[in-house]
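**Student:** With the input below, show me the fold.
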Amino acid sequence: MCCPPGFCGQFAIVKRCREKSTGLEYAAKFIKKRQSQASRRGVCREEIQREVSILRQVLHPNVITLHDVFENRTDVVLILELVSGGELFDFLAQKESLSEEEATSFIKQILDGVNYLHAKKIAHFDLKPENIMLLDKNIPIPHIKLIDFGLAHEIEDGVEFKNIFGTPEFVGEF
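**Tutor:** Sure thing, here's the model as predicted:
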């Protein structure tokens, strides 16, 4: 999934869904489309297409998987892998401290995912504990997935990004 099922962001909502033919469960991320150039509500088509394009390029154990895309008049719906263990942020807040083994595992998984993205010349631009999900929080050392590629960009060699991306509390300096 891209955000916790039931999550409601500024322009997206995520719901749990089930494929009728197989019974498999997924997360459906409904992204509200901007209806006109002048509107401030919704996400512009280019940004949605960029997120979909990036998700279609990636296949890694620590990165969310895109299964399908649908579109209606008001929304683009991304059908994503269901990751139901909750946010790393909530896991850390509840647990209060990690063992060295847990911390090492989380850091390794995060860096493996980021390294994979960077090797494909993709920058996430919004990596934070809320955008790292646990597959299952009820096992000793949970497996994690990087999610929410709404701000991600493909990086071209020699091109510098002059814009500031990300959540203000987590934006790094370059």
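**Student:** helix or strand right after the helix or strand of the chain with the lowest mean pLDDT?
**Tutor:** Lowest by mean pLDDT, DSSP states H and E among the helices and strands of the chain is helix 88-95, with a mean of 92. Using DSSP states H and E, the helix or strand that follows helix 88-95 towards the C-terminus is helix 100-119.
**Student:** residue ranges with poor pLDDT in this structure?
**Tutor:** Across the chain, the ranges flagged by pLDDT under 70 are 1-10, 38, 161-174.
**Student:** if we go to 80?
**Tutor:** 1-10, 35-40, 159-174 (pLDDT under 80).
**Student:** Just the buried residues of the least confident helix or strand of the chain, please?
**Tutor:** Neighbour counts over helix 88-95 (16 or more other CB atoms under 10 Å) mark 88, 90, 91, 92 as buried. C-beta coordinates here come from the backbone N, C-alpha and C atoms, glycine included.
**Student:** now, among the residues you listed, which is nearest to residue 157?
**Tutor:** Closest to residue 157 out of the buried residues of helix 88-95 is residue 88 (31.5 Å), distances taken as CB to CB.
**Student:** follow-up on the earlier one: okay, the least confident helix or strand of the chain in CSV with CA atoms only?
**Tutor:** Coordinates of each C-alpha in helix 88-95 appear next as CSV, following Å, rounded to 0.1, in the frame of the first residue of the first chain:
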residue,chain,number,x,y,z
LEU,A,88,7.6,2.9,11.1
PHE,A,89,6.9,6.2,12.9
ASP,A,90,4.1,4.6,14.9
PHE,A,91,6.1,1.5,15.6
LEU,A,92,9.0,3.5,16.9
ALA,A,93,6.7,5.7,19.0
GLN,A,94,5.0,2.7,20.6
LYS,A,95,8.2,0.7,21.2
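**Student:** angle of that helix against helix 100-119?
**Tutor:** Comparing the axes of helix 88-95 and helix 100-119 via axes from the mean of the first three to the mean of the last three CA atoms, to 10 degrees yields an angle of 170 degrees.
**Student:** How about residues contacting helix 88-95?
**Tutor:** Helix 88-95 is contacted by residues 85, 98, 106, 128, 129, 130, 132, 133, 134, 137, 142, 144 when judged by CB atoms under 8 Å, 6 or more residues apart in numbering.
**Student:** Which of those residues fall in strands?
**Tutor:** In this view, these that belong to strands under DSSP state E are 132, 133, 134, 144.
**Student:** Contacts only, for the third one.
**Tutor:** Which is residue 134. 83, 85, 86, 87, 88, 91, 142, 143, 144, 145.
**Student:** Fine by me, thanks again.
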